[in-house]
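> Sharing a model that was predicted from the sequence below.
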Amino acid sequence: MDGGLVTSGNPFAVLTLIAAPAVLTNASAVMSLSTSNRFARAIDRARGLAKELQSRKDPPDHLTASRIRQLGYANRRAMLLVRALTAFYLSLGAFAAAAITSLVGAVLVMLGASGVAATVAELIALAVGAVGVGGLVTGSAVLVYETRMTLAVLREETQIIATELKVGIPTGKAAEPKPGSGG
């Protein structure tokens, strides 16, 4: 025996090679679904801003400039979310490839194929699994960046509204909801 995972004689080795990509495939699918929802909301926001800007009859003012800037942010968010989705979709494909490659390697061992074939299958499964993990990490990092950008846009919108209404924005403890207030 060459000491590879598939040929190690451990009955749990094949299960591990197949189960790990399956669990990671599920994680990729959940991330894809939630990111798709975020993408739809970003598109809705961009369309709402575009419609608002197109319907304005007044000459451009600071509010118009702010809405145009927000439309740019919405477009940027959508682009980031497409990048994250691409990374998650790549992960889904890579984990599926890792699972099927592991299964093929296990079948090769059971059929008495050479240790070289099983080792090649292991290496391919490991490589595409690593690509899948890279996609998950990349997509997650893009989502963190997009979330921080969205929070900055929300702060800007809050500041604009507070300025228009001529009210101060509470900060620190004063900005936190009071217990029992429902907010």
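Structure's in. What do you need?
> Residue 86 is in contact with residue 138, correct?
No. With contact defined as CB atoms under 8 Å, residue 138 does not reach residue 86; the gap is 9.1 Å. Glycine gets a C-beta too; all of them are placed from N, C-alpha and C.
> What is the least confident helix or strand in this structure?
Using mean pLDDT, DSSP states H and E, helix 11-55 stands out as the lowest-scoring helix or strand of the chain, at a mean of 85.
> in this protein, which segments are predicted with low confidence?
1-15, 17-18, 170-177, 180-183 (pLDDT under 70).
> and the residue of it most remote from its centre, how far is that from residue 55?
Ranked by distance from the centre of the chain (CA atoms, centre = their mean), the top residue is residue 112, with 41.2 Å. Applying CB to CB, to the nearest Å, the value for residue 112 to residue 55 is 73 Å.
> now do residue 65
16 Å.
> Of the two, which one has the most company?
residue 65 (10 against 7; other CB atoms under 10 Å).
> in which helix or strand would I find the more buried one?
helix 62-110 (DSSP states H and E).
> tell me what the helix or strand following that helix is packed against?
Downstream of helix 62-110, the first helix or strand assigned by DSSP H and E is helix 115-165. Helices and strands touching helix 115-165, by 3 or more CB pairs under 8 Å, 6 or more residues apart in numbering; DSSP states H and E, are helix 11-55, helix 62-110.
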